[in-house]
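# build me a structure from this.
(4 chains, ligands or ions: 2)
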Amino acid sequence: MDLRQIYSQIIIENSRSNKHRNEMPDATATERGYNPSCGDDIHLSVKIDNDRIVDVSFTGSGCAISQASTSLLCGLIKGKTLEQAKHLVETFLGMIKGEITDDDILEEELEDAIALKNISTMPQRVRCAVLAWRTLDLIIAKQTGTPMTE
Amino acid sequence: MDLRQIYSQIIIENSRSNKHRNEMPDATATERGYNPSCGDDIHLSVKIDNDRIVDVSFTGSGCAISQASTSLLCGLIKGKTLEQAKHLVETFLGMIKGEITDDDILEEELEDAIALKNISTMPQRVRCAVLAWRTLDLIIAKQTGTPMTE
Amino acid sequence: MEAILEKLANPGFDLDQVRSDFAYLELPGPIIYLDNAATTQRPNQVIERMDHFYRFENGNPLRGTHRLGTTATEAMLESRKKVARFIGSKSEKEIIFTRNASESLNLIAYAWGLNNLQAGDQILITRMEHHSNFVNWQFVAQKTGAKLAFIELTDDYQLDMQDYRDKISERTKIVAFSAASNVLGTIPDAAAIICIAKEYNALTVVDAAQLVPHTKVNVRELDCDFLVFSGHKMLGPLGIGVLYGKAEILLEMTPFLYGGEMIEYVEDYESTFAQLPYKFEAGTQDVGGMVGLAAAIEYLEAIGLDKIAAYETALTDYCVAKLEELPYIEIYHPQQGAKGPAIAFNVKNAHPHDVATILDYHGVAIRAGHHCTQPLHRYLGQNSTNRASFAFYNTKEEIDLFIEALEDVKKIMQIDI
Amino acid sequence: MEAILEKLANPGFDLDQVRSDFAYLELPGPIIYLDNAATTQRPNQVIERMDHFYRFENGNPLRGTHRLGTTATEAMLESRKKVARFIGSKSEKEIIFTRNASESLNLIAYAWGLNNLQAGDQILITRMEHHSNFVNWQFVAQKTGAKLAFIELTDDYQLDMQDYRDKISERTKIVAFSAASNVLGTIPDAAAIICIAKEYNALTVVDAAQLVPHTKVNVRELDCDFLVFSGHKMLGPLGIGVLYGKAEILLEMTPFLYGGEMIEYVEDYESTFAQLPYKFEAGTQDVGGMVGLAAAIEYLEAIGLDKIAAYETALTDYCVAKLEELPYIEIYHPQQGAKGPAIAFNVKNAHPHDVATILDYHGVAIRAGHHCTQPLHRYLGQNSTNRASFAFYNTKEEIDLFIEALEDVKKIMQIDI
Ligand SMILES: Cc1ncc(COP(=O)(O)O)c(C=O)c1O
Ligand SMILES: Cc1ncc(COP(=O)(O)O)c(C=O)c1O
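Numbers count the residues shown, from 1 in each chain, chains lettered A, B, ... in the order given. Ligands and ions are numbered 1, 2, ... in the order given. Coordinates of the predicted model:
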């Protein structure tokens, strides 16, 4: 495996992007995601209207992988229903766990976030990649009462 | 080494002897000697008159080696001055440590207590053999202010 | 006796193969090691597993930003999983690694006991507890004002269940008991004890240091709140022990030891703490010990705990029968009920220390003393006792040599009974 | 620089021979292990010493009524003597074996701190403490009402001795400080700190976890009250640590952990405790760890601590000089004074975790994170840092490869500085 498959152009760019990086004073829900071992630390905010995520943003800091993953998540779930978002969480976690490997499906559903696929080969960085997704999962669980994905 | 050199007739007999085994209500000094690891537990009493040990006895229980050693000590120091007794403590400890090996000297000074000489080859039983002697050393130290033998 | 001899002849596993795994048996001998309740020996597989870890997998666990940190972290996770499965815990989060059973029991005393007990409460333990499940509760009682009480024994050296029912009450907040006595061999009915404790909402602490090496234990079936044991008594290395605790109880507890790895955020004057199980594991952890313990579990499971228990029971029953033939021996061992592989006894008119020395001279390693159970020994009316304790790598022949050597004790100590 | 290169070329010991003693270097590589401050690797001699103990000397120590109990007891005594001599303690009674430095520091906090501190007292620590010498004092402060205060740092990452003098007072009961920072490499003047503490009758606790592996330490010359360190940071096994304490202080302290071996008499409701050092060692002790630590000390002494310190200092100075040439690197390391073999740094615009991952890809093992020093990192204004830390088995060539790999970090992370 080449490092550039992990630190691809998409990852580096998204990790530095400020597109979704801002406070959201009128958020419906905000949750903190934290990796004590490496210090990745984000706050993810969503505005929900009628079961639909009409806005999403984050603040915080962390490694390129956690920041890129968070940024990609924001781009992907904006405008989706909670149900659709939950499905994306499952697909993303499935990809990282190496359970969903079909690139066509992944690309169709996760779009650019497929760039994180190779993280599944680096156990020590998996937590960085999934941080934002687990945080979103928590938000959805609290909103809808659905259990969190394993 | 043969076990019968350790558990010799002298040791077995002295370990069961009741000759010096009694309370001493009018003792000048009584000290407890205890081996927490094996439970040997004695009280040694002396009556001192004008720097002379005019009476000595013990109570307690323990292994054959500790009991025989205590009994032999009592027989040996009765009637001795504190100074003479201290010298005997030093000789006995020297024998057990393997520092004094000359049988003529040992026999002359320690009499039957030379039967414990072979204990020096059994590190795990040394504490049993020296218990009474260390207790006596403590009594002498408290009476006379002389430092205890190392 | 026939059934016993049959079991000893056919243990259901390859005894010769097993014995070839234990290096101490290569020492110029004989070394008849009957002090397994103190600490077992270790098979080469356990030693080699630790070796491999230290040579090729060693790094600081949990902070793996590099290959050796990752291998160490994985070794830790794997070991914890193995322990969890071994005792039937539903989650690795319930497995806290400690240094030994004693530390596990102190952790409960400090982190649960000091914070949850008060004057008027009762701590109920038993007459046969090891000091490690005794002195810690004295400490808690002294600090909190709670009262310590003891379940006494029957004439057959069993826990007196009637006495237990008489003593337990709404004031009983914790029942801490040994699941197998390290002296008498008694194996009380842990499930029944726990069941009764539940009626009074008392927490249960199971000291399984002597049970886990001998019998399959399942914490979910037992439904105990805490259970502890030591690696070194079950073929594992020294320096590693386990505290099992129900997650919901561990979650409510404050930490015990503070330091690296067990924190979440450290502010200047306040800190928050890590998730289970890490909250209770301060500082760099002994992954070498953990992989050794995991290898020990693998070794035991490859033979089968059921076979081990049956064979060790046969060894014990055989030895008891042989000892009972000797008129100068007094045995402290129950007649009824389940029994672990430990037998306490005395040679009449001979001090246990002398007995042990003479046996050692014949290559037979047993233990003499109070075995860290002074209160039990006061009850027995003995300053100290001898103890022979078995593991599945012992043999009938070794017991025969032990019995023979006792005859020499009789001779040398000039006992005519 | 010339003197540095000269020292690196001629360390005064056989570096190739040393490197052949470390099995991890045989792994398909390269493995450039620069995470020694987290845990060192172990030479084969240490591993083999433990092996031998477990195979042929293993029994339960201190209760030896048989040959294997005696060999284990002797192994324990010998190891304790070796440790005592190694740090210049006047008696083995002052050497308490623990699991790690963290536990040693908890022991002091619980057994001395909780019993001797009260509201109005001050606990003085430093800004650069490891969580293990930080969170334990938070706990004591919260429990006793004593106030925690911090000696701050100078702009050169040194302890600010003026701030120390300003903060210490008659109310200061304990001064606890790291004798070598695990992040900055700073080595404060321990003797001066202790001297000032004495003026105020404050006890001193020296966290020497990072100093003992690097430099000869003498507790009698330092005249500290307590000193702690971990075996695994100095070639020894995991799971064994040391607490040195002055006998007269240890004697006055209550025990910490309760259980087997640390008692004298156990009555039903009260107990008395064993002599030093046993009073503080509950349960079966890790003799395997002790002999491993003793073997590690032998290994270090055979090379010579003075040579080790000089060579490790040269490695560190060389690496600092190389890092300073890279404009995209920010270093947190003092310019002045004594320095230990740890260097914290950041790659500008790259998160430490990414840096570590890319370095690992090149076989270079460093650590990224807060290194258990969150308060120090807040002071540095960094969430986390990278840290390279050296041992005497590292080489100049390894540092060169590390620096080269940093260039690839720059490229991959697209840093243009
Ligand atoms: C300065 C310092 N103190 C204490 C510790 C704690 O050591 P351990 O994790 O071995 O308990 C460490 C190591 O992480 C350290 O670097
Ligand atoms: C029943 C029982 N509990 C607790 C212990 C303490 O175990 P450790 O010394 O390993 O802490 C022992 C072993 O001596 C034991 O037999």
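# is stretch C:248-261 anywhere near chain A?
No. Using CB under 8 Å from any CB of the partner chain, we find that stretch C:248-261 stays clear of chain A, coming within 9.1 Å at best. Quick note: C-beta positions are derived from backbone N, CA and C, even for glycine.
# what is the rounded mean pLDDT of that stretch?
The predicted model assigns stretch C:248-261 a mean pLDDT of 96.
# then stretch C:170-185?
pLDDT averaged over stretch C:170-185 gives 98.
# straight-line length of that stretch, end to end?
Start-to-end span of stretch C:170-185 (CA to CA, to the nearest Å) is 30 Å.
# in it, which residues are buried?
C:172-185 (16 or more other CB atoms under 10 Å in any protein chain shown).
# now stretch C:377-395
Those buried within stretch C:377-395 under the rule 16+ other CB under 10 Å are C:377, C:379-380, C:382-395.
# could you do stretch C:191-206 as well?
Buried, per 16+ other CB under 10 Å, within stretch C:191-206: C:Ile193, C:Ile194, C:Ile196, C:Ala197, C:Ala202, C:Leu203, C:Thr204, C:Val205, C:Val206.
# can I get that stretch in CSV, CA atoms only?
Output in CSV follows, covering the C-alpha atoms of stretch C:191-206 (Å, rounded to 0.1, in the frame of the first residue of the first chain):
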residue,chain,number,x,y,z
ALA,C,191,-24.3,-19.8,43.4
ALA,C,192,-26.3,-20.3,46.6
ILE,C,193,-24.3,-17.7,48.5
ILE,C,194,-24.8,-15.2,45.7
CYS,C,195,-28.5,-16.0,45.5
ILE,C,196,-29.0,-15.3,49.2
ALA,C,197,-27.0,-12.1,49.0
LYS,C,198,-29.2,-10.8,46.3
GLU,C,199,-32.3,-11.2,48.5
TYR,C,200,-30.7,-8.6,50.7
ASN,C,201,-29.3,-6.5,47.8
ALA,C,202,-25.8,-7.1,49.0
LEU,C,203,-23.0,-7.0,46.5
THR,C,204,-20.9,-10.2,46.1
VAL,C,205,-17.2,-10.5,45.8
VAL,C,206,-15.9,-13.9,44.7
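# how about it, does it reach ligand 2?
No. Using CB under 6 Å from any ligand atom, stretch C:191-206 never reaches ligand 2; the gap is at least 10.4 Å.
# which non-adjacent residue is nearest C:Ile240?
Among residues not flanking C:Ile240 along the chain, C:Gly289 sits closest, at 3.2 Å (CB to CB, 6 or more residues apart in numbering or on different chains).
# sec struct for that neighbour, please.
Under DSSP: H, G, I helix; E, B strand; the rest coil, the three-state class of C:Gly289 is helix.
# isn't it up against D:His232?
No. Counting by CB atoms under 8 Å, C:Gly289 does not reach D:His232; the two are 11.3 Å apart.
# chain D contacts on the stretch 51-200 of chain C?
Residues of the stretch 51-200 of chain C lying near chain D (CB under 8 Å from any CB): C:51, C:54-56, C:58-60, C:63, C:65-69, C:99-103, C:105-106, C:109-110, C:130-132, C:134-136, C:138-139, C:141-142, C:148, C:150.
# can you narrow those residues to ones near ligand 1?
Applying CB under 6 Å from any ligand atom, the subset of these adjacent to ligand 1 is empty.
# any of the residues you listed buried? List them.
Counted by 16+ other CB under 10 Å, these give C:51, C:54-55, C:58-60, C:63, C:65-69, C:99-103, C:105-106, C:109-110, C:130-132, C:134-136, C:138-139, C:141, C:148, C:150 as buried.
# confidence-wise, which helix or strand of chain C is lowest on average?
Ranked by mean pLDDT, DSSP states H and E, the weakest helix or strand in chain C is strand C:263-266, scoring a mean of 90.
# what's in contact with it?
Identification of contacts with strand C:263-266 by CB atoms under 8 Å, 6 or more residues apart in numbering or on different chains yields A:Tyr34, A:Pro36, C:Ser271, C:Thr272, C:Phe273, C:Ala274, D:His131, D:Phe134, D:Val135, D:Cys372, D:Gln374, D:Pro375.
# is C:Leu148 in a helix, a strand, or coil?
strand.
# which parts of the biggest helix by length in chain A are buried?
The single longest helix within chain A, with elements called by DSSP state H, is helix A:123-144. Across helix A:123-144, burial judged by 16+ other CB under 10 Å covers A:124-141, A:143.
# near ligand 2 too, which of the residues you listed?
Within the buried residues of helix A:123-144, nothing lies near ligand 2 by CB under 6 Å from any ligand atom.
# chain A: helices as residue ranges?
A:3-6, A:9-16, A:64-77, A:82-96, A:103-110, A:123-144.
# mean pLDDT added to those helices, as JSON lines?
Shown next, in JSON lines, are the helices of chain A (pLDDT from 0 to 100):
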{"stretch": "helix A:3-6", "mean pLDDT": "86"}
{"stretch": "helix A:9-16", "mean pLDDT": "95"}
{"stretch": "helix A:64-77", "mean pLDDT": "97"}
{"stretch": "helix A:82-96", "mean pLDDT": "97"}
{"stretch": "helix A:103-110", "mean pLDDT": "95"}
{"stretch": "helix A:123-144", "mean pLDDT": "94"}
